[in-house]
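Sequence and computational prediction follow.
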Amino acid sequence: MRMLIFGPPGSGKGTYASRLMSILSVPHISTGDLVREEIKRGSEVGIVAKQYVERGELVPDKIIIDLLTERLQKPDAERGFILDGFPRTINQAMFLEENFKIDLVINLVVPDEVIIQRLSNRLICKRCGAIYNRLTLPPKVDEICDICGGELYQREDDRPEVIKARLKVYRENTEPLINYYRERGLLRDVYCNDLMTPPDIIVRKILEIIEEIKSEK
Ligand code: AMP
C-alpha cells in the first residue's frame, strides 16, 4: 500500500499514521522528520534547509525530493509507505506520479473549531515532552505531568490567533494538491467532526477504505 495522508495541524495525523504503520507493516515517512534529522546531523543539506525551516518556509523541492528518494530506497519501503508532509507542491506531486504508483490519498477533514479547541487545550511537559489535553486527556494533578512530575506548558504557537494563521497557511498550500488528487480519483475524505472521537475509530475508517480499494482491483 502506497498511501499519502493530508490533514491540518492538530488533526491527529501523526497518531493515525503511526497506528496504520504497525497494522499495515509499512513505514510512516515524514519529510519534516527527514529534514529535522539532517539539521540535527549538521550536514550540508541540513545547514541549507535550516534557514527555510526557521522562517516557516518550504525547503526547495530538489532538497526534499533527494532526501525522500534516498529514504524510499531503503528495503522497508519496498512493500509500500505512508507519506506524511509530502507532497507540498505540485512539482513534488509530479515527481511522485512519475516514480511511484500511489494507491490512495487520505484527506482528513476537520472543522477549524475542532482544531482550535484541541490545540488551544494542548499541554506539554517541560521535562519529558509528554502531551496532555485539558479536555480529552487531562493530567491527574493540574498542570503537573503524570509521568515525571514536570511542569506542563502551552506551546507559543498553540494560541487561538496563531492556530488560525497556521490553518490558513495549511489550507492555501494544500488546496491545489487536494484538487490534483481528487481529479485523479485517488483522494478519499475522512471526516473527524468531533473532538472526542477516539483515534481507533478514525483508523478503522481508513482501514475500511483500504479494503474497498483492494477489492476494486
Ligand atoms: P512538518 O514537520 O511536516 O511540519 O515540516 C517541518 C518543516 O520542514 C516545514 O515547515 C518545511 O520547512 C519543511 N518541509 C517538510 N516537508 C516538506 C516538503 N514536502 N516540502 C518542502 N518543505 C518541507
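It's in.

C-alpha only now, for contacts and for neighbours.
Fine.

what about the protein, any weak spots by pLDDT?
Low-confidence segments of the chain (pLDDT under 70): none present.

Can you show me the helices along it?
Counting by DSSP state H, the segments of the chain that form helices are 13-24, 31-41, 44-54, 61-72, 90-99, 112-120, 160-183, 199-216.

List the buried residues for the first one?
Applying a neighbour-count criterion of 16 or more other CA atoms under 10 Å, the buried positions in helix 13-24 are 13-14, 16-17, 20.

and Glu143, what does it touch?
Residues counted as contacts of Glu143 (CA atoms under 8 Å, 6 or more residues apart in numbering) are 151-153.

ok, now with 7 Å
Counting by CA atoms under 7 Å, 6 or more residues apart in numbering, Glu143 touches 151-152.

tell me the phi and psi of it?
Here is the backbone geometry of Glu143 (degrees, to the nearest 10): phi 60, psi 10.

so how far is the ligand from it?
Separation of Glu143 from the ligand (CA to the nearest ligand atom, to the nearest Å): 26 Å.

rewinding a little: now the buried residues of helix 13-24 in TSV, with distance to the ligand?
As requested, the buried residues of helix 13-24 are arranged in TSV below (distance: CA to the nearest ligand atom, whole Å):
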residue	distance to the ligand
Lys13	11
Gly14	10
Tyr16	15
Ala17	13
Leu20	18
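
what residues does this structure put near the ligand?
For the chain, the residues found near the ligand under the criterion CA under 6 Å from any ligand atom are 31-32, 35, 52-53, 56-59, 64, 85-88.

Of those, which is the nearest to Phe6?
Using CA to CA, Gly85 is the member of the residues of the chain next to the ligand that lies nearest Phe6, at 7.3 Å.

from what I can see the closest one touches Ser30, true?
Yes: under the contact definition of CA atoms under 7 Å, Gly85 touches Ser30, with a separation of 5.8 Å.

what's near enough to touch Gly85?
30-32.

how about 6 Å then?
Applying CA atoms under 6 Å, 6 or more residues apart in numbering to Gly85 gives the contacts 30-31.

Could you tell me how far it is located from Leu195?
Relative to Leu195, Gly85 is positioned 22 Å away (criterion: CA to CA, to the nearest Å).

Please point out which parts of stretch 40-56 sit buried.
Taking 16+ other CA under 10 Å as the basis for neighbour counts, the residues of stretch 40-56 that come out buried are 45-46, 48-50, 53.

which residues sit against it?
Here stretch 40-56 makes contact (CA under 6 Å, 6+ apart) with 38-39, 59.

Off-centre distance for that stretch?
In terms of CA atoms, centre = their mean, to the nearest Å, the gap separating the centre of stretch 40-56 from the centre of its chain is 20 Å.

go on, stretch 11-25?
Its chain's C-alpha centre and that of stretch 11-25 lie 10 Å apart, by CA atoms, centre = their mean.

swap in stretch 79-96?
Centre-to-centre, stretch 79-96 and its host chain are 12 Å apart (CA atoms, centre = their mean).

buried sites along that stretch?
Counting neighbours by 16+ other CA under 10 Å, the buried set in stretch 79-96 is 80-84, 86-88, 92, 96.

and if you look at stretch 70-79?
For stretch 70-79, burial by neighbour count (16+ other CA under 10 Å) applies to 72, 77.
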